[in-house]
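Colleague: Quick one, structure for this:
(2 chains)
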Amino acid sequence: MGNLDLARWQFGITTVYHFLFVPITIGLSFLVAGMQTAWVRTDNPKWLQATKFFGKLFLINFAMGVVTGIVQEFQFGMNWSDYSRFVGDIFGAPLAIEALLTFFLESTFLGLWIFGWDRLPKKLHLATIWAAAIGTAMSAYMILAANAFMQHPVGYVYNPATKRAELVDFFAMLFQNTAIIAWVHTVSSAFLVAGALVCGISAWLLMKGRAREMASSTVTMGAIVAIVAGVFVGISGDADAKIMVVQQPMKMAAAEALYETAAPAPFSLFTIGTLDGSQPLLSVDIPGALSFLACGNFTCEVQGINNLQAQYEQTYGPGWYTPNIPITYWGFRLMIGLGMIAVLFGMWALWATRRERVPTNKWFLRSAIVMPFLPLLGMSAGWIFTEMGRQPWIVFGLMKTADGVSPGVGVAEVITSLVVFALLYGALAVVEFGLLLRTIKQGPPEEVPTDPYERSDDQDQPLTFAY
Amino acid sequence: MLSLPPVEVSNLQLLWFCLIAVLWIGYFVLEGFDYGVGILLPVIGKTEAERRAMVTTLGPVWDGNEVWLLTAGGATFAAFPQWYATLFSGFYLPLLLILVALILRGVAFEYRSKHSSAKWRRNWDIAIVVGSFLPALLWGVAFANIVRGVTFAMTPIAGIPGQPSIPGESPIYGGTFFDLLNPYALVGGVTTLLLFVTHGAIFLSLKTNGTIRERAHALVPKVGITAAVFAVVFLVWSQLAYSGGKLWTWVPVLLAAVCWLVGLGMDRMKRDGWAFVFSAVTLGLAVIALFGMLFPFVMPNIDRAMPGLTIPGASSTPYTLTVMTWVALIMTPIVLCYQAWTYWVFRKRLSADMIPDPEVGSLDHVGVGS
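Modeller: Residues are numbered from 1 along each chain as shown, chains lettered A, B, ... in the order given. All right, here's what the predicted structure looks like:
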């Protein structure tokens, strides 16, 4: 394996890991802010209990999101130096803004939230978790805008003298519809994950007879968040597919394993056997559905892989312009399927806990335990789909992935970093998971101080919270 | 795009060269004491309560402090993409070590006190110490190598599909990992290490009471004088060998020495706030000196007669620099305000006896959680 493949594996592994922790951070930060808001408004101790309990889970996870994120900032320069010099004008700007505008916001205000219970007035303290949550959502926007440039480069010109892409329209780059829709899709998916997490954990607590009052409120909250988020995920996903057909038709064709241009085009639910249709064992299609997804009517033409491959050879010269079809195809399906299951579970949870009922169904308990993982894996599948589906391009139509890798970094160095990150992240993920489980089993505190803001300027007063 | 002086540096390019220096100053002043406290954890923290108190002084601020590094990296990417590309890919293994250290340290702060087990806590404390020691040393090594200069190799730039392909040349680092461990760079590394340890001890003198404060106080002159010796050697060596004959950079070098000694003196007189101010100013002056010596290069050639990577050679377009300038002008004052406010909110001195149930891990509480 050459250093290109190794660098790609490393980027894939580190980014997928990072993006296991990040959706939970984004979604749960808002949910915890919501719980604390409910407490400030109603003074009902169950909401303080919820804030503290889910807040603990949030912080255990947040630490991993932060540290895996540091690597991301550096990795472009370390392993993709030719890419960095090529797009630095355009890609570097949102990254710098992400740090200045959003990372400072979330880190600083989260520090204030964690340690400020007895230092800040009630409403100001509430504002700190909201500021942190908003910071995470804005951070998502900036990195998605950067990624959107890779999917659909706009606002630039190529300068043949410097052999670099140069930014000419900042706002066109920052606010292109690819970025906006990706953001809605990603953030609503994060809410789906967080909603499923809160719902699943609350259902477990409820069925184990723990913190009943809190859990019956949070199971409903989680379920509703998951369902509403799921609707937005679906709508934005549909919008994304329609853009993709125009901006990256090869990705849509690969997602469908649509080899020949077709009008109308069928949507393939799943296929067992070879994807190119030469030896299918079982293939379930919905006629016309792909046309509907792509253009909104049941008859329009959707371009096929073979046609696009030929077309790109005309435009860009000889070469292989087709992404890995099985990964793209299955990634797309897993993304949709796993996400939908989470929404269905939310509905089941609402039904099973209606009118203050405590569910007793064993399958419901098992689902509750498994549930939080599914939409998270769906998000990973989605990212793998969209990034692998863009190959062989690192910036679609402009720069190939093979041309972006660091020429000066040798195989030995990349193997070293790849192994180190994979092992380190793996070990830390296991540790984090263990801590999350332990926190859930410990459950919410039975006795919650009714006024955590009780302050004293007495120098020797013990801290309410210490590291 | 390597060249030899004289080169024309535009105002925007000069501004961003200075802004990146400012970001590194912010980083070293803030995360510098995080590193110092982390390294001193087993030295000053003899009991669980003391160690927890030390980590808690960093608790509200360490993450925000670390963002200065991300901003410096991001700003370098946006303003000087060729510098970002050549530097980060060239100094690959040292950066990998720094990243691993930062990852372990960051998680350790959050996870350390979750369990009561002494083994659990000791392992995470090792992560904090190593995770603070390595970057404190390696940032000095990295900056020393930047100032000293490197050898370059040239690689072709691939043609853009659909465009005529002209063989171009992109500079990459042409040396090895061991070239980076030369004596000058090692002295630089020990300098930053000792400066950060002292800075951390001064921070503890300012932020704590009781046994922690006493021990930190006692340590400042010992480490501080050693740091001063290394710093003088390093900065004077830099000035004589690598400043390109500039005279004005003597000013920040000498001022840094003075400020450091004043800082040590202030600490001696138990004027903790002023000690911290002077310690911080020293770090700032050291960075100014180094960036001043570097100008107009961002990465000079180790053989100064050969072309190096200059500010204009690494820079992005005036358009991007203008956009970034607006963003920086609007955002930076806001960030400084609320970060400063955090330090004000958490101004109360901590002592070991303020840690509730220091031996009990937060996950080992039954019933009443925190």
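Colleague: Show the contacting residues for the residue of chain A at minimum distance from chain B.
Modeller: Residue of chain A nearest chain B, by CB to the nearest CB: residue A:88 (2.2 Å). In this view, the C-beta of every residue, glycine as well, is placed from N, C-alpha and C. The contact partners of residue A:88, taken as CB atoms under 8 Å, 6 or more residues apart in numbering or on different chains, are A:164, B:77-78, B:80-82, B:84-85, B:316.
Colleague: Would you write a PyMOL line that selects the buried entries of those?
Modeller: Provided next is the PyMOL selection string for whichever of those are buried by 16 or more other CB atoms under 10 Å in any protein chain shown:
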select buried, (chain A and resi 164) or (chain B and resi 77+78+80+81+82+84+85+316)
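Colleague: And for residue 144, the neighbour number?
Modeller: All of this is about chain A. 22 (other CB atoms under 10 Å in any protein chain shown).
Colleague: you looked at the wrong chain, it should be chain B
Modeller: Burial of residue B:144 is recorded as 25 neighbouring residues (other CB under 10 Å).
Colleague: How about residue B:150?
Modeller: Residue B:150, neighbours per other CB under 10 Å, totals 24.
Colleague: thought it was touching residue B:297?
Modeller: No: applying CB atoms under 8 Å as the test, residue B:150 and residue B:297 come out as separate, 10.6 Å apart.
Colleague: pLDDT at residue A:448, what is it?
Modeller: Predicted confidence (pLDDT) for residue A:448: 69.
Colleague: I misspoke; the intended subject was residue B:370.
Modeller: 43.
Colleague: swap in residue A:269?
Modeller: Looking at residue A:269, its pLDDT is 79.
Colleague: Within the helices and strands, which one has it?
Modeller: Element membership of residue A:269 [criterion: DSSP states H and E] is strand A:267-273.
Colleague: Next secondary structure after that strand?
Modeller: That would be, after strand A:267-273 and using DSSP H and E, strand A:280-286.
Colleague: Run the angle between that following strand and strand A:267-273 for me.
Modeller: 170 degrees (axes from the mean of the first three to the mean of the last three CA atoms, to 10 degrees).
Colleague: neighbours around residue B:135, how many?
Modeller: With other CB under 10 Å as criterion, residue B:135 counts 28.
Colleague: wait, doesn't it sit right on residue B:102?
Modeller: Yes: Residue B:135 lies in contact with residue B:102 (CB under 8 Å); the separation is 6.4 Å.
Colleague: For chain B, tell me whether stretch A:64-80 is touching it.
Modeller: Yes: residues of stretch A:64-80 are located near chain B by CB under 8 Å from any CB of the partner chain, namely A:64, A:66-68, A:70-71, A:73-74, A:76-79.
Colleague: Now for these: which two are most distant?
Modeller: A:64 and A:77 (22.6 Å; CB to CB).
Colleague: so who does the residue in the stretch 1-150 of chain B positioned nearest to chain A touch?
Modeller: For the stretch 1-150 of chain B and chain A, the shortest gap (CB to the nearest CB) falls at residue B:81, measuring 2.2 Å. Going by CB under 8 Å, 6+ apart, residue B:81 touches A:84-85, A:87-89, A:92, A:164, B:314, B:316.
Colleague: For the stretch 51-200 of chain A, which segments count as helices?
Modeller: Counting by DSSP state H, counting those that start in this stretch, one finds helices in the stretch 51-200 of chain A at the ranges A:81-87, A:93-97, A:104-115, A:122-151, A:170-174, A:177-207.
Colleague: closest to residue B:121 out of these?
Modeller: Closest among the helices of the stretch 51-200 of chain A, using CB to CB: helix A:104-115, at 19.4 Å.
Colleague: chain center to the closest one, what's the gap?
Modeller: 22 Å (CA atoms, centre = their mean, to the nearest Å).
Colleague: Any regions of the chain where pLDDT drops low?
Modeller: No chain in the question, so chain A it is. Counting by pLDDT under 70, the ranges of chain A that qualify are A:273-280, A:448-460.
Colleague: Let me rephrase: I mean chain B.
Modeller: Low-confidence segments of chain B (pLDDT under 70): B:158-168, B:366-370.
Colleague: if we go to 50?
Modeller: For chain B, the stretches flagged by pLDDT under 50 are B:367-370.
Colleague: coming back round to it: show me which of the contacts of residue B:81 is closest to residue A:142.
Modeller: Using CB to CB, the contacts of residue B:81 come closest to residue A:142 at residue A:92, 11.5 Å.
Colleague: can you pull out the helices in the stretch 351-467 of chain A?
Modeller: Using DSSP H, counting those that start in this stretch, the helices found in the stretch 351-467 of chain A span residues A:362-370, A:373-388, A:411-442.
Colleague: need the ones you listed in CSV with distance to chain B, can you?
Modeller: Shown next, in CSV, are those (distance: least, CB to the nearest CB, whole Å):
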stretch, distance to chain B
helix A:362-370, 19
helix A:373-388, 19
helix A:411-442, 5
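Colleague: pretty sure residue A:243 contacts residue A:179?
Modeller: No: contact criterion CB under 8 Å: residue A:243 and residue A:179 do not qualify, at 10.6 Å.
Colleague: which of the two has more neighbours?
Modeller: residue A:179 (24 against 19).
Colleague: Next up, the contacts around that one.
Modeller: So residue A:179 contacts A:141, A:144-145, A:148 (CB under 8 Å, 6+ apart).
Colleague: can you rerun that using 7 Å?
Modeller: A:144-145, A:148 (CB atoms under 7 Å, 6 or more residues apart in numbering or on different chains).
Colleague: Same check on residue B:188?
Modeller: Counted by CB under 7 Å, 6+ apart, residue B:188 has contacts B:140-141, B:143-144, B:234.
Colleague: Go through the helices of the stretch 351-467 of chain A and pick out the most buried.
Modeller: helix A:373-388 (a mean of 22; mean count of other CB atoms under 10 Å in any protein chain shown).
Colleague: tell me which residues in stretch B:16-24 are buried?
Modeller: Buried residues in stretch B:16-24 (16+ other CB under 10 Å): B:16-17, B:19-24.
Colleague: Return the subset of those lying in helices.
Modeller: If you go by DSSP state H, the buried residues of stretch B:16-24 have B:16-17, B:19-24 in helices.
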